[in-house]
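*Asks:* Just to be clear, the model below is a prediction. Sequence and coordinates:
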Amino acid sequence: MSKKILRVDMSKLKAKFEDFPEEYATMGGRALTSTIVSNEVPPTCHPLGPNNKVVFAPGIVTGATAPTSGRMSVGGKSPLTGGIKEANAGTNFAQKMGRMRIAAIIVEGKYEGNDYFLLKITNDGTEFINATKWSGKGLYQTYKKLFQEFGSQVGICGVGIAAELLGAASGICFNDPEGLPSRYAGRGGLGAVMASKGLKFIVVDETGASGVEIVNKDLFNQGSNKLRSALLTHDLTKPQGSLNTYGTNVLLNVINEAGALPHRNFATGQDDRAANISGEEKAEQIKKRGGVRPHFCSPGCIIQCSEIWTKPGGKDPVGVLEYESVWALGANCGIYNLDDVGELNRACNNLGLDTIEAGDTIAVAMEGGLLSFGDGKGALKLMKEVHKKTPTGRIIANGTAFTGQAYGVTRIPVVKGQGLPAYDPRPIKGIGVTYATTPMGADHTAGYAIAPEILGVGGTLDPRDPKKAEVSRNLQIATAFIDSTGYCLFIAFACLDIPEGLEGVVESVNGVLGTKLTVDDIATIGRQIIDTELAFNKAAGFSAADDRLPEFFEEEKLPPHDVVFGVSNEELDNVF
């Protein structure tokens, strides 16, 4: 049995398996989602109309035994940016899809009634089940009930109340290994696209699955072992290494010390109170409370940078508090209390909101006078407005740019409508170049220049040097390739410093596909993916003027180093 595509027509409530087209045979993950979106979605369509699609694709090695794989790409036209979007998550849902040999799920059309549906997928076929009874309910309670109804071994993907509001800040939620709704393909509002079609949940049951087809098992194992060895020896990714010990939030103190951690809506790059919400402090609290750390987001990960944050006494588990989430809901809002941050993260998970977009939105609402910086309880009340579907809640659910307009704010940290992540681009210019030029809207994962600029991984670069077109371009191209393999982006730390690790990635991909790719082919493949995305955006109406940061990054000097972004338009245009 070879790979299949599952095409889901929500207007007719029909789903059918199709042969995997030959032209897609070597694609997975982002390469596949962006190619299908490019081929099947009109670039000028309304993102929430019947002509948009949402595409789910596990990576090439996802579902196999490759180390630290298990990633899923979700693609569509973004209601937040108006361009093409790929959002990414690590989840056993993706691994189950891979083992069922479903290369992609394409959700199209639009159900005309007011009901929502659940799509159940098994090896025997598909079934639509009315899911309206779960509308308006939080995802923690709902996922618990879904597991009770469909069995503890299924994988669940779903959207929350924010998506029911068709909020452009809504993400698509996958379960973590404990069944919590905490693994998100968060960015770009793809949750709203899924909800607009009348689809609320997808449940996969892999019982009887054939497993990932591997053409050359010896080569696959050889490559997997090379990558495993690199991950087990690199300082950032090894057991008891930085990520394993403190999670992604190990970066909070590092970036704050560099004067590049945005506080209070990008007003300053440093604040001593950041230590109160740091990775070190969080790890200490997890130990005291009886949470879990380290932890994997999907089985088979050997980095294990995830965790389960709980209330004191190990009660009411939230799931992981990632660096980006802690920054967005913490420092960016002037909130320096981990319990407040944890409850805001829980609220986002429960509502189906992207934590980065939510934190940027709350900070802009604070800037606009809706509440004060540092008001954690007030921020939680805003989340309740979303839950109640009030007019204020609808504004918040539509993200940073929308909220800024609603409250007359001029300092709105977005690119292509998407909120900036946890690195101020003024003192770290390479990441700013990535924010400006990636087809995805402001996105740190699209080309993680922090690696050479701050962490000294893959070489060392002066973060203040404005000549960053080349490094951003190279990282964006390499990332597009990694996003297609099914490997976690964090393997890049080891692969940038240990060449055998990268060889292992390519060999494992060749083992699955039966191809003869070399490391030199990565640049060609990555560039093809990005060119596909850029062409879609151009046809949607984007121009060089969209590849810019907001003007306040040029006009306001960021304390403590008092720098502006200062990268020329010519340099930005040189990226692609």
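*Replies:* In hand now; what should we look at?
*Asks:* need the longest helix for this structure.
*Replies:* Secondary structure of the chain per DSSP state H: the longest helix is helix 521-539.
*Asks:* for the helix or strand just after that helix, packing partners?
*Replies:* Where DSSP states H and E defines the elements, the next helix or strand beyond helix 521-539 is helix 552-555. Of the remaining helices and strands, none touches helix 552-555 by 3 or more C-beta pairs under 8 Å, 6 or more residues apart in numbering; DSSP states H and E. Heads up, the C-betas are built off the backbone N, CA and C, glycines and all.
*Asks:* Touching the helix or strand following helix 552-555 from outside, list them.
*Replies:* Proceeding C-terminally, helix 552-555 gives way to helix 569-573 as the next helix or strand, assigned by DSSP H and E. Contacts of helix 569-573 from elsewhere in the structure, counted by C-beta atoms under 8 Å, 6 or more residues apart in numbering, are 433, 436-437, 466-469, 544, 547-548.
*Asks:* Same check on stretch 211-220?
*Replies:* Under the contact criterion C-beta under 8 Å, 6+ apart, stretch 211-220 has outside partners 2-3, 61-64, 66, 98-99, 101, 507-508, 510-514.
*Asks:* Put the buried members of these into a PyMOL selection.
*Replies:* Below is the selection syntax for PyMOL that covers the buried ones among the contacts of stretch 211-220, with 16 or more other C-beta atoms under 10 Å defining burial:
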select buried, resi 3+61+62+63+64+66+98+99+101+507+508+510+511+512+513
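*Asks:* Narrow the contacts of stretch 211-220 to those in helices?
*Replies:* Assigned to helices by DSSP H, the following of these qualify: 98-99, 507-508, 510-513.
*Asks:* Find the pair from these with maximum spatial separation.
*Replies:* Across the ones in helices among the contacts of stretch 211-220, the longest distance by C-beta to C-beta is 21.0 Å; it joins 99 and 507.
*Asks:* pLDDT and distance to residue 284 added to the ones in helices among the contacts of stretch 211-220, as JSON lines?
*Replies:* Output for the ones in helices among the contacts of stretch 211-220, formatted as JSON lines (pLDDT from 0 to 100; distance: C-beta to C-beta, whole Å):
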{"residue": "98", "pLDDT": "98", "distance to residue 284": "37"}
{"residue": "99", "pLDDT": "98", "distance to residue 284": "38"}
{"residue": "507", "pLDDT": "98", "distance to residue 284": "40"}
{"residue": "508", "pLDDT": "98", "distance to residue 284": "37"}
{"residue": "510", "pLDDT": "98", "distance to residue 284": "44"}
{"residue": "511", "pLDDT": "98", "distance to residue 284": "42"}
{"residue": "512", "pLDDT": "98", "distance to residue 284": "41"}
{"residue": "513", "pLDDT": "98", "distance to residue 284": "45"}
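*Asks:* closest to residue 357 among those residues?
*Replies:* Set against residue 357, the nearest of the ones in helices among the contacts of stretch 211-220 by C-beta to C-beta is residue 98 (28.3 Å).
*Asks:* Provide a list of residues in contact with the residue lying closest to that closest one once chain neighbours are set aside.
*Replies:* What sits nearest to residue 98 in space, not counting adjacent residues and going by C-beta to C-beta, 6 or more residues apart in numbering, is residue 63, at 2.3 Å. Taking C-beta under 8 Å, 6+ apart, we find residue 63 in contact with 69-70, 94-99, 211-212, 486.
*Asks:* hmm, 6 Å instead?
*Replies:* 95, 98-99, 212 (C-beta atoms under 6 Å, 6 or more residues apart in numbering).
*Asks:* what comes up buried for stretch 102-116?
*Replies:* Using 16+ other C-beta under 10 Å as the burial criterion, the residues of stretch 102-116 that qualify are 102-111, 116.
*Asks:* These in strands, which ones?
*Replies:* 102-108 (DSSP state E).
*Asks:* got the phi/psi numbers for residue 174?
*Replies:* Here is the backbone geometry of residue 174 (degrees, to the nearest 10): phi -120, psi 150.
*Asks:* what about the nearest residue to residue 253 once chain neighbours are set aside, how many neighbours?
*Replies:* What sits nearest to residue 253 in space, not counting adjacent residues and going by C-beta to C-beta, 6+ apart, is residue 278, at 4.7 Å. Counted with other C-beta atoms under 10 Å, the burial measure for residue 278 works out to 22 neighbours.
*Asks:* and residue 210, how many neighbours?
*Replies:* Residue crowding around residue 210 was assessed by other C-beta under 10 Å; the count is 12.
*Asks:* Would you mind measuring from it to residue 17?
*Replies:* Using C-beta to C-beta, to the nearest Å, residue 210 is found at 14 Å from residue 17.
*Asks:* Over to residue 396?
*Replies:* Using C-beta to C-beta, we find residue 396 at a distance of 39 Å from residue 17.
*Asks:* What sits closest to residue 184 if chain neighbours are left out?
*Replies:* residue 171 (4.5 Å).
*Asks:* list the contacts for the one you found?
*Replies:* With contacts taken as C-beta under 6 Å, 6+ apart, residue 171 has the following neighbours: 184, 186, 191, 354.
*Asks:* Out of these, which sit inside strands?
*Replies:* Among those, the residues falling in strands (DSSP E) are residue 184.
*Asks:* can you redo the contacts of residue 171 as TSV with distance to residue 206 and neighbour count?
*Replies:* Putting the contacts of residue 171 into TSV (distance: C-beta to C-beta, whole Å; neighbours: other C-beta atoms under 10 Å) gives the following:
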residue	distance to residue 206	neighbour count
184	22	29
186	25	28
191	24	35
354	28	33
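*Asks:* for the stretch 251-400 of the chain, what spans make up the strands?
*Replies:* 292-295, 306-311, 315-319 (DSSP state E, counting those that start in this stretch).
*Asks:* what's the most buried one of those?
*Replies:* The highest average neighbour count among the strands of the stretch 251-400 of the chain, using mean count of other C-beta atoms under 10 Å, belongs to strand 306-311 at a mean of 22.
*Asks:* tell me what it is packed against?
*Replies:* strand 292-295, strand 315-319 (3 or more C-beta pairs under 6 Å, 6 or more residues apart in numbering; DSSP states H and E).
*Asks:* Any chance of JSON lines for those strands, columns distance to residue 332 and mean pLDDT?
*Replies:* Compiled in JSON lines, the helices and strands packed on strand 306-311 are given as follows (distance: least, C-beta to C-beta, whole Å; pLDDT from 0 to 100):
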{"stretch": "strand 292-295", "distance to residue 332": "23", "mean pLDDT": "94"}
{"stretch": "strand 315-319", "distance to residue 332": "19", "mean pLDDT": "95"}
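*Asks:* Minimum distance to residue 78: which of those has it?
*Replies:* strand 315-319 (24.5 Å).
*Asks:* angle of that closest one against strand 306-311?
*Replies:* Calculated by axes from the mean of the first three to the mean of the last three C-alpha atoms, to 10 degrees, strand 315-319 forms an angle of 150 degrees with strand 306-311.
*Asks:* Going forward, the N-terminal residue is numbered 4.
*Replies:* Okay, using 4 as the starting number, the last item reads as strand 318-322.
*Asks:* neighbouring strands for strand 318-322, and are they parallel or not?
*Replies:* strand 309-314 (antiparallel) (DSSP bridges).
*Asks:* so which strand or helix has the residue located most distally from the centre of the chain?
*Replies:* Centroid-distance maximum for the chain: residue 221 at 32.3 Å, with C-alpha atoms, centre = their mean. Taking DSSP H and E as the definition, residue 221 sits inside helix 220-236.
*Asks:* mean confidence score for that helix?
*Replies:* Regarding helix 220-236, the rounded mean pLDDT is 98.
*Asks:* still on that earlier bit, what's the closest of the contacts of residue 66 to residue 325?
*Replies:* Set against residue 325, the nearest of the contacts of residue 66 by C-beta to C-beta is residue 98 (20.2 Å).
*Asks:* Let me see the contact set for that closest one.
*Replies:* Counting by C-beta under 6 Å, 6+ apart, residue 98 touches 65-66, 73.
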